[in-house]
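Visitor: Here is a sequence together with a model predicted from it:
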Amino acid sequence: MKNLFNMSRFKIVFTVCVLLSLYSFVNAQAPAVTTVGITPPAPVTELTAVDTDNDHGHSITVKWTPSADDGAGANNVLGYRVMRSNSFEGPFNDTVGVVPLGSTNFENSSSIEEGAEGFIPDNTDFYYRVDALTGDSLVFSSSEVTGPVHSYGQWFNKGLIPVFFAVIIFTALTVLFVSAARKGKELYVRPLAGIEAVDDAIGRATEMGRPILYVFGLGVASDIATIASFTILSRVAKRVAEYQTNLIVPCYDPIIMTVAQDIVKTAYMDAGRPNDYKEDAVFFITQAQFAYVGAVNGIMIRELPATNIYMGKFYAESLMLAETGVVSGSIQIAGTDEIAQIPFFVVACDYTLIGEELFAASAYLGREPLLLGSLKAQDYAKAAVLVLALLGILAVNFSGDLGLTWLVNFKDWFKVID
Amino acid sequence: MRRQLPFFFVFLFGTFMVVQNFVPHEYSERAKEFLSDWTIIIGIFALALGIWSLIHVSLDKINKRKPNWEYSFVTLVGLVAMIFFGFTANVSGSWLTYFAALMVLLISLWLLVQGILGAGAGVTKAKEKFFAGIGLAAIFTFIALYDKSWAFHFYTSEGLENPLFKHFFSDIMVPLQATMFALLAFFISSASYRAFRARNLLATLLLIAALIVMLRFTPGPWGDLISKTSTWVMNVPNLAAQRAIVIGIGLGMVATALKVILGIERGYMGKG
Amino acid sequence: MELGQYLWTSLGAFLTLSVFSFLYKDNPMYKFAEHLFVGVSAGYFVIILWHDGLVTNLFGRLADGHIYKLWLDSTKWWYIFPGILGLMMFTRFSHKWSWVSRWPVAFYIGIATGLSIPLEMSNRVNRQLYAMMEPVNWDSFMGSGWLDMGAGYSDIIVFVGTVSALIYFYFSKAHTGVFGGAAKLGIWTLMIGFGASFGFTVMARISLLINRIQFLDKNWKRNSFDFTNENFNPLYQALFWLIILIFLVYAVSEFLKYLKNKNASSVKSA
Amino acid sequence: MNWFERFMKLDRRWIYLFLITVCLLAYYSDFTVPTIREKETGAIYNFIDSLPAGEVIFVAIDYDPSSQAELHPMTYAIIEHAFRKNLKVVFTALSQNGPGMADQAIHDIADSMRVEQTYNGVSYPAREIANGVDYCFLGYKPYYALVITAMGQDFRTPFPADYYGTPLDSLPLMKKLHNYDDISIVVEVSSGNISDAWISYGQGKFGFPLAMGLTGVMTAQYYPFLQSGQVMGIMGGLLGAAQYEDMADNPGLAKDGMRVQLPAHLVIILFILIGNIGHFASRKNRKNVQS
């Protein structure tokens, strides 16, 4: 079966999204109109009730302008009571909510479960009235009735439009770059200081005739950082095979050990020295964090490696490894995506690949089209974020005096309302 | 066919969940509720896999007499005892028969496992051990049925109230886990003067910012100046750095999730 | 403190001291403590998974309360399917059948990744991008002088710092010229950020050590010598010194071994 | 060999000994360290302090014993503050090894409420805290991201019954509580990864005010969410806990611990300075020797 990933899958996703947004625009309805009545405190005016937008239905938002006697005039309004009934002149004895003075809206909503308390069925007509309440519960004035209005669920949440476009654009970028990389198009990734340091460090180890120590850390084979570390190991193993320096790879996870053994063996094969591959170069120690670190420290003090390379998932034990490495005088190069450990590596090691640089390094070395494509997509998305941020900050600060009126609400295009 | 179809379903479920997030309608909400319920149940079984691999590794270490193999007994006894406590509740005061039952359970399990693993794993007289195990298991079930001082509770959670279960948690797991992390204070102290060097400009900047933040609650004349600087460092340069990292990680996570859904990344499925 | 609780606390204290003994050297007490921890925490996890996970989410819904009829008359009988899918996960261990486990993994990974894409994009990228478009506080540009977070110059530093740090993580253009300068500014901002988290981490690790000191002092030592307490008995003191003795004996044996090696090596070299 | 090389070759165990002696000396001497008050912690305290009685807050005790040292003081300070002000509290414990510890903490705090106490000059009477009336402990479910999203629709979806197995509908407190709309603030105390899920799957989707109690290691990483408004307040490590205790006038484990933090920090800073001064000094005279 041909690989499922191709342009047709992208077309399906795109058309589904376009259909959804068209359907929801057609669906919008105009709200109903209202009238005014007079009783002791001035009643509420301009009462409107409309289905709450961007929700799963079962919810109606009632809006009004506060009574003239709220906070001014007779100033005897303490709050508002929202009443509901099923017909225009019908008995309004169903109080759905009481809000304090000064508020101008109320959302009468319920959960989607049938039996839930105060359940509001969708697509059934309701009529609303708001009473301005005073200290005396008998003295209140009710506004005109508004309705009919019914609640329904929308099919597209307009508050998430910025996220919607971000996901669509990012998917398109990924598809574009991965298919370009698959067709062999040359994709440029800038050289990384950490990787150049690895090559010189291997040279240094060869001159001094001391081994190179490669540590994967505590990750498992499916961790992304460990997968990136495999590509870096294959680069190191190729160089080691050529220069005939010896390599030590103590492993924490049995599966990683088997994969690392294959990598080093093929590296020696490619360098045309299959018999130089030493079986015990890659070995398993233990799966207990501190016992593993104790053993690796022992190796560092005994073998005095010229270069220590830590690439993968590291946790609290990174401290002990780096410290023993400094004391035994080796050049240290580290790379991890564990943000909390990066500060310790930066101050203790000579070079550190920070977070995403580890993945860029593996894409740079491995030249594997799929990784390259995905990395480029992330890069261009980052470029988009940068450009939009610059435009946004200019719009927010200078749109007034530059007279660019359309830029004024540039920022609101990016507001995510959930 | 067997290998490709699951990836099509990953794409199907993945795309549905992405689109579902933008659809607030009731049907999409019910569908998500339904699917996440299923995922939680499947996930529980997936987490149980870890337990099986721990037992497998410990048994392998003991049978092959690997270094420190004696300590694997401690792991297995701890595991079986904790599970036994979690499923049982003590009805009356006497604990004697309760512990006797536990002993019999442990020995019978050990014999049964040795019997099942058989000669392959270097087990001598596997058959006799297996039958001895069956015999002890019978004794254990006899004790369990007729001893009224304690009882099994699989369906209701009396086991969580079993004092032994609670004490094993609060007096073995808690001190051990807390102390393992307390070791780090020592590792930092020795690393701080032997390894942390201002070896280049970047490391110098890092150490200066670290010193400011670490001095923030020192009393004395410099006190409030340093704590003001440290608050500024936290809320301005640190904010800029962490925001860039958050955006980078966000794009990285979405890219990885997309690679899984679009079938580019297949490693997670394993060599099925 | 009555006897039962004291015995458990002294067990906790013994385990704490045996983990601390790793600071000297990897020794039998530490190996015992670590292996015990791995076993007990795995057992605890099985119980929590069963009681909090399976019983309430799966069996509770299947059996509608009465366990024996299981799914025969339960209103939510279809919950048996995730149960079956879950069991299929266990085929991962047999080479012949492990392809079966691909189905529950596909279901689970598909939903989990699908759920994460819009939410991670929205909360890590969109919201942070929106937050970057902050109006600069021009009218109090210098604010209340130096180090004022609300001042205009701080807003500019935040924006420029974020933009330059993002440029540093941009891999499609070499860091040369002006672009290189911005990237250098970016890595400097990152370093200050890492310095801040370094400082906090030091405080975090030391508070872990303090907690252990508080436990050993308040819960253990004080109760061992709490003569005034009515249910105090001399056994407490004996147990306290017994635990200390274990570590003393080990230390003495190590010291003797150290002396023996020194003499042996001095004899060899003499 | 000058003093610095000898100092470098010193066995690391002497350094451990030095650190532990400094800590013990500080621990057994009783000087108090004045606690600064940062706005990150103040925002949380003021919000909870302003809530009228009867309001419901949600405290997520999402950490495990390893970070109990820093996070328990925060949990104790906040929950005691909430109970003293007659607020109702809903708990979860979404970290694997957390439920047992969370259950124990809730009972400790409930017991400590049986004593009459005065805080900031206001005296609070002794009170009996009842499960199901004053609080409800939902317990643990795996896959916290899905659980947090599901609680947005209804607590009953992921938690048909509470930690002790009683169905939610039979608890008086939970009768009128359905989802985050009935909660005035979510205080999430955890050591990192679960906090990300509360931001993305919880606050991002349902918009409730979210306060965070974090271990020192993770605190710096959450300041961007503070400035963007996704998080309304942060308590960072033991210092954050000490600040909350200071504001609530309820000194506890955190303030007791801060006494040792200061000298220990000075030791670390001293080591860093010595290390660097010695490093540059020996490198300078090594250059003189060569040239």
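Guide: Alright, I've got the coordinates.

Visitor: only C-alpha atoms for contact and neighbour calcs from this point on.
Guide: Noted.

Visitor: Could you list the residues of the stretch 151-291 of chain D in contact with chain A?
Guide: Applying C-alpha under 8 Å from any C-alpha of the partner chain, we find that the stretch 151-291 of chain D lies next to chain A at D:Q153, D:G204, D:K205, D:F206, D:G207, D:V217, D:M218.

Visitor: Around the first one, count how many other residues there are.
Guide: With neighbours defined by other C-alpha atoms under 10 Å in any protein chain shown, the count for D:Q153 comes to 21.

Visitor: C:Y108 reaches B:I41, doesn't it?
Guide: No. Between C:Y108 and B:I41 there is no contact under C-alpha atoms under 8 Å: 9.8 Å.

Visitor: If we only consider the residues of the stretch 151-291 of chain D next to chain A, which is nearest to D:T32?
Guide: Of all these, D:T32 sits closest to D:V217, with 24.6 Å by C-alpha to C-alpha.

Visitor: Show me the shaky parts of the chain.
Guide: By default, I'm working from chain A. Across chain A, the ranges flagged by pLDDT under 70 are A:1-39, A:116-117, A:222, A:400, A:402-406, A:408, A:418.

Visitor: meant chain C actually
Guide: If you take pLDDT under 70 as the line, chain C has these spans: C:63-75, C:145, C:267-270.

Visitor: biggest helix in it by residues?
Guide: Using DSSP state H, we find that the single longest helix of chain C is helix C:177-214.

Visitor: Now do the buried residues in it.
Guide: Under the neighbour-count criterion of 16 or more other C-alpha atoms under 10 Å in any protein chain shown, helix C:177-214 has C:180, C:182-214 buried.

Visitor: Check these one by one and keep those near chain A.
Guide: Applying C-alpha under 8 Å from any C-alpha to the buried residues of helix C:177-214, those adjacent to chain A are C:M191, C:F194, C:G195, C:S197, C:F198.

Visitor: Once you drop chain neighbours, what's closest to the fourth one?
Guide: Yep, that's C:S197 we're talking about. Spatial nearest neighbour of C:S197, chain neighbours left out: D:A220 (5.2 Å); criterion: C-alpha to C-alpha, 6 or more residues apart in numbering or on different chains.

Visitor: so that neighbour sits right up against C:G199, yeah?
Guide: No. Contact between D:A220 and C:G199 fails when scored by C-alpha under 8 Å: they sit 9.4 Å apart.

Visitor: residue boundaries of the strands in the stretch 1-150 of chain D?
Guide: D:56-62, D:88-92, D:117-119, D:122-124, D:135-137 (DSSP state E, counting those that start in this stretch).

Visitor: For those, give me a markdown table that also has mean neighbour count, mean pLDDT and distance to chain C.
Guide: A markdown table is the format used below for the strands of the stretch 1-150 of chain D (neighbours: other C-alpha atoms under 10 Å in any protein chain shown; pLDDT from 0 to 100; distance: least, C-alpha to the nearest C-alpha, whole Å):
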| stretch | mean neighbour count | mean pLDDT | distance to chain C |
| --- | --- | --- | --- |
| strand D:56-62 | 25 | 93 | 15 |
| strand D:88-92 | 23 | 93 | 12 |
| strand D:117-119 | 13 | 81 | 23 |
| strand D:122-124 | 12 | 82 | 27 |
| strand D:135-137 | 23 | 92 | 12 |
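
Visitor: Output these as a markdown table; include the columns distance to chain B.
Guide: Shown next, in a markdown table, are those (distance: least, C-alpha to the nearest C-alpha, whole Å):
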| stretch | distance to chain B |
| --- | --- |
| strand D:56-62 | 15 |
| strand D:88-92 | 16 |
| strand D:117-119 | 24 |
| strand D:122-124 | 28 |
| strand D:135-137 | 14 |
